[in-house]
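Engineer: Quick one: sequence plus predicted model below, questions after.
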Amino acid sequence: MIEQRPTSRLLVVEDSDEDFEAIVRSLNKVGPVPEISRCVDGDDALDHLNGRGAYAGAPVWKPPSLILLDLNLPATDGREVLAEIKHDTRLSTIPVVVLTTSANPKDIEACYRAGANSYMIKPVNMNELNRILHLLCEYWFTSVVLPRPAS
């Protein structure tokens, strides 16, 4: 079981209910992240990160420690979300891990050029998903020192 920092927050940007549930199940096996938020599309993610729309007037904006981002989202896709995050000085230091089904080398290169901190391909096997999310949590929530995003 991984002991995570008590202030760790994970934002999962995932349109698939099944994939989101599998991610949460896997995370719970390694020790739950204290706070998991979900956005179902790119527009929702950008509203969440910028305190707009349904998120306007939230009592205190708490930036995520890490963003887990799917690429193939309805409306504003993950590529656009990544670009907007990395161009916003208030958000740009938040690590973004792309977790997607695309193994296309052009997507991989474009995401790294846009500032992705990691790129992972979603496994179809639950054991493999457990393994990669365990590694992700161990690295991002226990091993590295994360910057404090500007507010």
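Structural biologist: Cool, got the structure.
Engineer: what comes into contact with stretch 106-121?
Structural biologist: With contacts defined as C-beta atoms under 8 Å, 6 or more residues apart in numbering, stretch 106-121 is touched by 69, 71, 79, 82-83, 85-86, 92, 95-103, 132, 136. Using the backbone N, CA and C atoms, a C-beta is placed for each residue, glycine as well.
Engineer: how does it look with 6 Å?
Structural biologist: For stretch 106-121, the surrounding residues in contact (C-beta atoms under 6 Å, 6 or more residues apart in numbering) are 82-83, 86, 95-99, 103, 132.
Engineer: In ChimeraX, how would I select the buried members of the residues you listed?
Structural biologist: Here is the ChimeraX command that selects the buried residues among the contacts of stretch 106-121 (16 or more other C-beta atoms under 10 Å):
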select :82,86,95,96,97,98,99
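Engineer: Strands - which of the contacts of stretch 106-121 land there?
Structural biologist: If you go by DSSP state E, the contacts of stretch 106-121 have 96-99 in strands.
Engineer: With pLDDT and distance to D17 added, can I get the contacts of stretch 106-121 in a markdown table?
Structural biologist: Formatted as a markdown table, those follow (pLDDT from 0 to 100; distance: C-beta to C-beta, whole Å):
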| residue | pLDDT | distance to D17 |
| --- | --- | --- |
| L82 | 98 | 22 |
| A83 | 97 | 26 |
| K86 | 97 | 28 |
| P95 | 96 | 25 |
| V96 | 98 | 22 |
| V97 | 98 | 20 |
| V98 | 98 | 20 |
| L99 | 97 | 15 |
| A103 | 95 | 23 |
| I132 | 94 | 20 |
